[in-house]
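Novice: following is a predicted model, sequence given first.
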Amino acid sequence: MVTDSSANNNYTLRLSTDSSEDRDYNNNIIQTSDQNPSSKKTNSTNKRRTSRSQQSGLVFSVSRVENHLRNGRYAPRISPKAAVFLAGVLEYLVADILELAGDMTFIGKRKRVTPRDITLAIKNDHELAKLCPNVTIPEGGVQPYIHEVLLNKKPRRRTRRVRFDETSFSNKNKSTTPDYDTDDSDVQME
């Protein structure tokens, strides 16, 4: 095959005269375990190892959860599947709490999730509040609540502003003052 010198070097292909050699897409020779006698791995284990977290599709480390289970001595025997299940449950809870805390941060028009946001997220969600009723988060504060008795049930009545003029005040006084000059026969004085 003839390669064009003006063509991009990534797309050039060199053919090997020996057809028994395996090559990748960059035309590099792939070594097998037969060619390298110092390699102790067999063909089946030559593949890249995947962790249990990758196999189960989790972000939380399954091995770390299993180590904590074993070091905590919660049971004399622990199944490997128990660590996978517990890591999945923990990942779900953390994702749920962080989603709700992120919503609280967005409502507060801020960019950082604070312990206050996490506390409000837990207390405002019914299921999470039932899961951890006695949890205290440092710097989290308390849920805002005002008892109904302390709230005013009736709206406050506005008082009417009375304007006092001298004329209106003097007219009112004249009409309400008693007349002592009149003859009151019913009144007896001692």
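Specialist: Perfect, I can see it now.
Novice: in the helix ranked longest in the chain, what's buried?
Specialist: If you go by DSSP state H, the chain has its longest helix at helix 80-107. For helix 80-107, burial by neighbour count (16 or more other C-beta atoms under 10 Å) applies to A83, V84, L86, A87, G88, E91, I97, L100, A101, M104, T105. C-beta coordinates here come from the backbone N, C-alpha and C atoms, glycine included.
Novice: doesn't H68 make contact with the fourth one?
Specialist: By that I understand A87. No. Using C-beta atoms under 8 Å, A87 is not in contact with H68; the gap is 10.1 Å.
Novice: how far away is F106 from I122?
Specialist: Separation of F106 from I122 (C-beta to C-beta, to the nearest Å): 17 Å.
Novice: ignore what I typed, I meant S79.
Specialist: Distance, S79 to I122, by C-beta to C-beta: 30 Å.
Novice: where do the helices of the protein begin and end?
Specialist: Secondary structure of the chain, counting by DSSP H: helices at 52-56, 62-72, 80-107, 115-124, 126-131, 166-176.
Novice: packing partners of the third one?
Specialist: If you count contacts as 3 or more C-beta pairs under 8 Å, 6 or more residues apart in numbering; DSSP states H and E, helix 80-107 packs onto helix 52-56, helix 62-72, helix 115-124, helix 126-131.
Novice: show me what the mean pLDDT comes to for the second one.
Specialist: Rounded to a whole number, the mean pLDDT of helix 62-72 is 95.
Novice: pull the residues that contact that helix.
Specialist: Taking contacts as C-beta atoms under 8 Å, 6 or more residues apart in numbering, the residues outside helix 62-72 that touch it are 51-53, 56, 75, 78, 80, 82-84, 86-87, 90.
Novice: okay, buried residues for it please.
Specialist: Of the residues in helix 62-72, those buried (16+ other C-beta under 10 Å) are V62, V65, E66, L69.
Novice: next: the third one.
Specialist: By neighbour count on 16+ other C-beta under 10 Å, the buried set for helix 115-124 is R116, D117, I118, T119, L120, A121, I122, K123.
Novice: how about JSON lines for those residues, with distance to T136 and pLDDT added?
Specialist: Output for the buried residues of helix 115-124, formatted as JSON lines (distance: C-beta to C-beta, whole Å; pLDDT from 0 to 100):
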{"residue": "R116", "distance to T136": "13", "pLDDT": "95"}
{"residue": "D117", "distance to T136": "15", "pLDDT": "95"}
{"residue": "I118", "distance to T136": "12", "pLDDT": "95"}
{"residue": "T119", "distance to T136": "9", "pLDDT": "95"}
{"residue": "L120", "distance to T136": "14", "pLDDT": "94"}
{"residue": "A121", "distance to T136": "15", "pLDDT": "94"}
{"residue": "I122", "distance to T136": "11", "pLDDT": "94"}
{"residue": "K123", "distance to T136": "11", "pLDDT": "93"}
